[in-house]
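Peer 1: Requesting a structural model of the entry that follows:
(one chain, ligands or ions: 2)
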Amino acid sequence: MKAGATRDEVAVVEARIRELGFTPNEVPGSTRLAIGITGNQGPLDPGLFNVMSGVAEAVPISRPWKLVSREVKPDDTAIKIGDGQFGGGRFGVIAGPCAVESREQIQATAIAVKSAGAHFLRGGAFKPRTSPYAFQGLKEEGLQLLAEARERTGLPIVTEVMDTRDVELVARYADVLQIGARNMQNFSLLEAVGAQRRAVMLKRGLSATIQEFLMAAEYIVKQGNYNVILCERGIRTFETMTRNTLDLGSIPLIKRLTHLPIIIDPSHGTGDRLSVPALARAAIALGADGLMVEVHPHPEMALSDGPQSLTPAEFATLMESVRAIAPVVGLEL
Ligand code: PEP
Ligand code: MN
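Peer 2: Ligands and ions are numbered 1, 2, ... in the order given. Next comes the predicted model:
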């Protein structure tokens, strides 16, 4: 729609789309509104809409993902929560332990990462573990401990939801709902987080292509929730010396294909804390929109992902270098 299009003009266009048997989806932009049409099989004639009052242009979307594509919305989607922002020239930093283990552990981590400059506290309360015998998380008690840490530090919370049955519970405590790599194609979970109002961080699946990743985001956005942050966390390749292969090469491409912000998780991306700082610096140099890093006050005692967790001191040093690189690439923390 044109920048000054009225609500009436929008309503007429949407009514026309419905009349044709399709669905209008409003995609909010910084200067103008786009209306994404879904439900059509094959291309529509742009002339159907170009003649309508208030329409700037009708653009056929050539990709199978539509609402998340840059074609429907050329400007970046910026997601601002608390003092942190992903996209639109800002670089958001999420830090915290893999799992919430105790009040002392999460409070100490929250205070440390906040003073080092993190914008968000992470910590899993529901943990997707490869072994059913491994620590599965503190569940609701973990969520309560996260909420206490938020009260203490002001840091918004990012935490994983693994099951549609828990979406309401997790959304009661969390500021950002994390969809883990193993659930990237759990379509009912994607629809459930799309139908609620909290922002969502969607992690790339273990063996997901970029197309599958963007189609998963499309499932969430199609339900009306445009606050989706993508997260590259490494994919499975033939390499066995790193936990995963962090696909940094996907970032510039994903930024061209979608308006959604994309962040990098070098902790799961490598599984190796000695590699994390260099990849975190690469993340900001590349033009990613943020970073997620695992930090634990005593990595050697962590109940999960200790080998890839930074100490608070290592995280503080990393943040200094990230801050130094930011202005070079035109980003602000
Ligand atoms: C995590 O963030 O702790 C996690 C389980 O990540 P992933 O889903 O990427 O493995
Ligand atoms: Mn982890």
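
Peer 1: and the stretch 1-150 of the chain, which residues reach ligand 2?
Peer 2: Taking C-beta under 5 Å from the ion, the part of the stretch 1-150 of the chain that reaches ligand 2 is made up of residue 98. Just so you know, the C-beta spots here come from the backbone N, C-alpha and C atoms, and that holds for glycine as well.

Peer 1: For ligand 2, give me its nearest residue in the stretch 1-150 of the chain.
Peer 2: With C-beta to the ion, the shortest gap between the stretch 1-150 of the chain and ligand 2 falls at residue 98, namely 3.3 Å.

Peer 1: mind listing what the residue lying closest to that residue once chain neighbours are set aside touches?
Peer 2: Setting aside the residues directly before and after it, residue 98 is nearest to residue 305 in space (C-beta to C-beta, 6 or more residues apart in numbering), at 3.7 Å. By C-beta atoms under 8 Å, 6 or more residues apart in numbering, the residues touching residue 305 are 98-99, 267-268, 271, 294.

Peer 1: Residue 159 and residue 125 touch, don't they?
Peer 2: Yes - counting by C-beta atoms under 8 Å, residue 125 is a contact partner of residue 159 at 5.6 Å.

Peer 1: Mutual contacts of the two, please.
Peer 2: With C-beta under 8 Å, 6+ apart applied, the overlap between the contact sets of residue 159 and residue 125 consists of 100, 142-143, 146, 170.

Peer 1: Counting neighbours around each, name which of residue 159 and residue 125 comes out higher.
Peer 2: Each of residue 159 and residue 125 had its neighbours counted (other C-beta atoms under 10 Å), and the higher figure belongs to residue 125 (28 against 25).

Peer 1: residues from the stretch 101-250 of the chain in reach of ligand 1?
Peer 2: By C-beta under 6 Å from any ligand atom, the part of the stretch 101-250 of the chain that sits against ligand 1 consists of 124, 128, 180-182, 203, 233.

Peer 1: Check the secondary structure at the residue minimising distance to the centre of the chain for me.
Peer 2: For the chain, the residue lying nearest the average C-alpha position, counting by C-alpha atoms, centre = their mean, turns out to be residue 229 (2.2 Å). When the structure is reduced to helix, strand and coil (DSSP: H, G, I helix; E, B strand; the rest coil), residue 229 reads as strand.

Peer 1: correct me, but it touches residue 264?
Peer 2: No - using C-beta under 8 Å as the test, residue 229 is too far from residue 264 to be in contact (11.2 Å).

Peer 1: follow-up on the earlier one: contacting residues for the residue of the stretch 1-150 of the chain closest to ligand 2?
Peer 2: Contact analysis of residue 98 by C-beta under 8 Å, 6+ apart lists 123-124, 127, 267, 294, 296, 302-305, 309.
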